[in-house]
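1. Need coordinates for the following:
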Amino acid sequence: MKNRVLIVAILLICLVSGSSFAVTGDLNTDDKVNFLDYAVLASGWLTTYDVNDLSDMADNWLYGCEAANVAPTIDPNSVPSPNAVTYEDCYFELVGSDSDNGPAEKLAYIITSLPSNGKLYDISEWAGEIVAAQLPYQIGNFSTSIVYRGTVATTDTFNYKLYDGNDYSDEATVSINISANSADSLCFDGSGYATIPDSNDTIDLIDGRGVAFFFRTTKEDCGVLSKRNSSGGYEVRIENGRLRVCLYDSSGPVGCYGSVIAPRTDTGRWYIGGFSYFAGNFCVIISGVEDGDTWTWQDDYDGSLQIPTGPYANTADLYVGKATGFDNFIGEFDRLRFYSGCYGGSFDLKLLFITSSETRTDPNSTSGMSGPIEPDVRFMFDEGTGTSLTDDRGGLSATATDTDWLDAYGNDPVPVNPLEEKYYFKKYKNPYDQVSADKVIGNRKRY
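-> Predicted coordinates for the structure are as follows:
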């Protein structure tokens, strides 16, 4: 008992005066703080404090936490200045440091203001878009990763700061340079199409396959995609202004799917469409790409439609811009992607559309998130010239005929074949506002 009191007294004197030891926390006077000091501490206090108290005390002594906390810092010269492209996800890491960061401390990265022209996404366990009502927003899992997506070619900014559990750092500003997504859509004039040769089921409709693409047109009936022969397959077309996906097996047509109450897509605006298939389950989904647009889908992942299980794979080439029995596509087509691992219907597809990747803790599970899963095949249509198109994921190639290249951003008028129909567009000052089209055939307007 006397020894314990003596040790406590010595420690208190050292803490108050700081004159007995040259190094704070140096209990055995070897001019450094290490586990020998921990042993001295433990031998005298083990009978007084429980293990948790002793562990916390050891952290404090060995890492100098008994001193005043030092706030974390952000070096202004190290703050990232990423370069983004409109409509593309820009991934980057935030920076910061904490000079007295001990084993019990974790740095939290906190968004304090949002960009004016784009959006920020937290990809830790796919938390999703960060909105103003959530500010200040701490990135999940103490992650430093953030995703920016913008639709305007400009300079954008947002602020963040650090928190070490005791103090905040000063705020830092991230500046993002957003360039236009130039010459990255393929324009069809009604006579052309692109051909993607068949390759090892990578563009077939097999279990777990999801397909996504962007398009805009003023045609109310036209072909979009076709991959079918006598073995079966699939075709995508626009019927009465609405996206429809049709399946075929060896016996012939199985059915056409897509919500009949979905908004019309022949408005001259950009839309994103897609479909997925798994073990007789099928989903077709469609949405505009502007703020306020809603998702619509026909989702058979509850088995209600009882779609035959196929097979829907074949050795046929994939045609972009045409489908059997329909006029060829007129308008712009962009970002054709094929994913594996789609087992959860509309939920899976919506994640694909939002993030250009899907997130899931278990690739064989129908629920849960962490990610990402990248597309197996992705034609970005960013060549900007010529007739040879490349896939930047799976190494496939395509050939286009009677097509042209256009800038894909904004809702500018869709080029059309002047011999077929004439289109007039009411354009708004903001190119992302609704664009309306009046079709004129002869002297009669058709709506």
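2. Show me where the stretch 201-350 of the chain has its strands.
-> Ranges of strands in the stretch 201-350 of the chain, per DSSP state E, counting those that start in this stretch, are 209-216, 222-229, 232-239, 242-249, 252-257, 271-278, 281-288, 296-299, 318-320, 330-339.
3. Using PDB, write out every CA atom in the fifth one.
-> If I follow you right, that is strand 252-257. Coordinates of each C-alpha in strand 252-257 appear next as PDB, following Å, rounded to 0.1, in the frame of the first residue of the first chain:
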ATOM      1  CA  GLY A 252     -40.400 -17.400 -81.500                       C
ATOM      2  CA  PRO A 253     -41.600 -14.300 -79.600                       C
ATOM      3  CA  VAL A 254     -41.900 -14.600 -75.900                       C
ATOM      4  CA  GLY A 255     -43.200 -11.100 -75.100                       C
ATOM      5  CA  CYS A 256     -42.400  -7.400 -75.100                       C
ATOM      6  CA  TYR A 257     -41.900  -5.600 -71.800                       C
END
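4. In it, which residues are buried?
-> 254, 257 (16 or more other Cβ atoms under 10 Å). Heads up, the C-betas are built off the backbone N, CA and C, glycines and all.
5. neighbouring contacts of it?
-> Strand 252-257 is contacted by residues 239, 244-248, 275, 282, 284, 298, 300, 305, 307-308 when judged by Cβ atoms under 8 Å, 6 or more residues apart in numbering.
6. average pLDDT for the helix or strand harbouring residue 405?
-> For residue 405, the host element (DSSP states H and E) is strand 397-406. For strand 397-406, mean pLDDT is 88.
7. and the strands of the stretch 201-350 of the chain as a markdown table, adding mean pLDDT and distance to residue 143?
-> Formatted as a markdown table, these follow (pLDDT from 0 to 100; distance: least, Cβ to Cβ, whole Å):
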| stretch | mean pLDDT | distance to residue 143 |
| --- | --- | --- |
| strand 209-216 | 89 | 26 |
| strand 222-229 | 97 | 37 |
| strand 232-239 | 96 | 37 |
| strand 242-249 | 94 | 36 |
| strand 252-257 | 91 | 38 |
| strand 271-278 | 87 | 27 |
| strand 281-288 | 85 | 28 |
| strand 296-299 | 74 | 31 |
| strand 318-320 | 98 | 38 |
| strand 330-339 | 89 | 24 |
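8. Relative to residue 130, which of these is closest?
-> Comparing the strands of the stretch 201-350 of the chain by their distance to residue 130 (Cβ to Cβ), the top pick is strand 281-288, with 20.6 Å.
9. could you check the angle strand 209-216 makes with that closest one?
-> 20 degrees (axes from the mean of the first three to the mean of the last three Cα atoms, to 10 degrees).
10. want to try a markdown table for the strands of the stretch 201-350 of the chain, with distance to residue 136 as columns?
-> Formatted as a markdown table, the strands of the stretch 201-350 of the chain follow (distance: least, Cβ to Cβ, whole Å):
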| stretch | distance to residue 136 |
| --- | --- |
| strand 209-216 | 34 |
| strand 222-229 | 44 |
| strand 232-239 | 44 |
| strand 242-249 | 40 |
| strand 252-257 | 44 |
| strand 271-278 | 32 |
| strand 281-288 | 30 |
| strand 296-299 | 35 |
| strand 318-320 | 45 |
| strand 330-339 | 34 |
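11. quick one, what contacts residue 326?
-> Going by Cβ under 8 Å, 6+ apart, residue 326 touches 221-223, 237.
12. check contacts around the nearest residue to it once chain neighbours are set aside.
-> Closest residue in space to residue 326, ignoring its immediate chain neighbours: residue 223 at 4.2 Å, by Cβ to Cβ, 6 or more residues apart in numbering. By Cβ under 8 Å, 6+ apart, the residues touching residue 223 are 235-237, 319, 321-324, 326-329.
13. Identify, from those, the entry nearest to residue 145.
-> Nearest to residue 145 among those, counting by Cβ to Cβ, is residue 236 at 34.5 Å.
14. Buried ones from the contacts of strand 252-257, can you make that a ChimeraX selection?
-> Per 16+ other Cβ under 10 Å, the buried members of those correspond to this ChimeraX selection:
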select :239,244,245,246,247,248,275,282,284,298,300,307
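15. Tell me the one of the contacts of strand 252-257 nearest residue 68?
-> Nearest to residue 68 among the contacts of strand 252-257: residue 275, at 60.1 Å, using Cβ to Cβ.
16. how near is residue 229 to residue 178?
-> 44 Å (Cβ to Cβ, to the nearest Å).
17. Does anything pack onto the lengthiest strand in the chain? Which helices or strands?
-> Longest strand in the chain by number of residues (criterion: DSSP state E): strand 185-196. Strand 185-196 sits against strand 318-320, strand 330-339, strand 388-390, strand 397-406, with contacts defined as 3 or more Cβ pairs under 8 Å, 6 or more residues apart in numbering; DSSP states H and E.
18. Name the residues that touch that strand?
-> Outside of strand 185-196, the residues within contact range by Cβ under 8 Å, 6+ apart are 203, 214, 317-322, 327-334, 379, 381, 389, 391, 396-408, 415-417, 420.
19. one step back: okay if I get the helices and strands packed on strand 185-196 as JSON lines plus distance to residue 169 and mean neighbour count?
-> Converted to JSON lines, the helices and strands packed on strand 185-196 look like this (distance: least, Cβ to Cβ, whole Å; neighbours: other Cβ atoms under 10 Å):
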{"stretch": "strand 318-320", "distance to residue 169": "50", "mean neighbour count": "25"}
{"stretch": "strand 330-339", "distance to residue 169": "39", "mean neighbour count": "25"}
{"stretch": "strand 388-390", "distance to residue 169": "44", "mean neighbour count": "16"}
{"stretch": "strand 397-406", "distance to residue 169": "45", "mean neighbour count": "17"}
